[in-house]
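S.K.: Got a predicted structure here, sequence first:
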Amino acid sequence: MVINEAIILAGGLGTRLRSAVPDLPKCMAPINGVPFLKFVIDHMVSKGIEFFIFSLGYKSEVIEDFLKTQYPALFYKIIVEDEPLGTGGAIKKACKIAKSKSVLVANGDTLFKIDIIKLAGFHTLSGANCTLSLKTMENFDRYGVVQTDADHVILSFEEKKHYEKGCINGGVYALHVNKFLDESLPEKFSFEKDYLEKYYNKRRMFGLVQDEYFIDIGIPEDFEKAQLELKIL
């Protein structure tokens, strides 16, 4: 089964980026004059995503104007959080209007150029509740590590510390909508802490490594790195 519907979490305040990007949602930080969100949308469209649900919060009108101007032909819906719901609450609210059996979930401030067809195929054949896209990294301390077995079953989530090598959660998921909505989850919660880390050993959750380009512009250093690495062709 293909996945052609995506939920984009784009409500972040971007507090750690304030010095570089004041008064903008994090995903709208300019990369060579272009909002970062454009790179995320364009990659997904190129990989077969046809319908988007944008979960917005801080300065949502900036993103709404951007979408109207830059993507007049894009099929999308917008959800605006009246108050922060956490990543889990935002995904839950978006899932309630999703049309597909499974959706892609991604963060608007992270670009992970995964093969969506590969992810969707594995997710469907494995009967997963959720399949994480994992990225192998070396010499890092900004992320925790996800341990999996030979069948890609998630064994553990390790805390943030210095690792010489490991697989991190790349923040792009294939999520079975109804299985997720059937969980007894609150209105406000963390998708990572209160869903993934709480249920990984009780539900069918997998991690699929994809050795593709990855950047998270959540800190000024990587925001500057994106200026060098990302160009509109």
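M.R.: Cool, the structure landed.

S.K.: Tell me the spacing between the residue lying closest to S100 once chain neighbours are set aside and G108.
M.R.: Closest residue to S100 apart from its sequence neighbours, by CB to CB, 6 or more residues apart in numbering: E5 at 4.3 Å. Every residue, glycine included, has its C-beta placed from N, CA and C. In this view, E5 and G108 are 16 Å apart by CB to CB, to the nearest Å.

S.K.: List the residues that contact V45.
M.R.: By CB atoms under 8 Å, 6 or more residues apart in numbering, the contact list for V45 reads L74.

S.K.: now swap in A106 and tell me
M.R.: Taking CB under 8 Å, 6+ apart as the test, what A106 contacts is A6, I7, I8, L9, V40, M44, F112, G171, V172, Y173.

S.K.: residues touching the closest residue in space to L181 that isn't next to it in sequence, list them.
M.R.: Spatial nearest neighbour of L181, chain neighbours left out: C95 (5.6 Å); criterion: CB to CB, 6+ apart. By CB under 8 Å, 6+ apart, the contact set of C95 is I7, V103, L175, V177, F180, L181.

S.K.: Looking at the residues you listed, which are in strands?
M.R.: Using DSSP state E, the members of the contacts of C95 that fall in strands are I7, V103, L175.

S.K.: Now render these as CSV, adding distance to F66.
M.R.: Below are these laid out as CSV (distance: CB to CB, whole Å):
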residue, distance to F66
I7, 18
V103, 22
L175, 25
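
S.K.: will you turn these into JSON lines that also has neighbour count, pLDDT and distance to I31?
M.R.: Below are the ones in strands among the contacts of C95 laid out as JSON lines (neighbours: other CB atoms under 10 Å; pLDDT from 0 to 100; distance: CB to CB, whole Å):
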{"residue": "I7", "neighbour count": "25", "pLDDT": "98", "distance to I31": "22"}
{"residue": "V103", "neighbour count": "26", "pLDDT": "98", "distance to I31": "26"}
{"residue": "L175", "neighbour count": "26", "pLDDT": "98", "distance to I31": "27"}
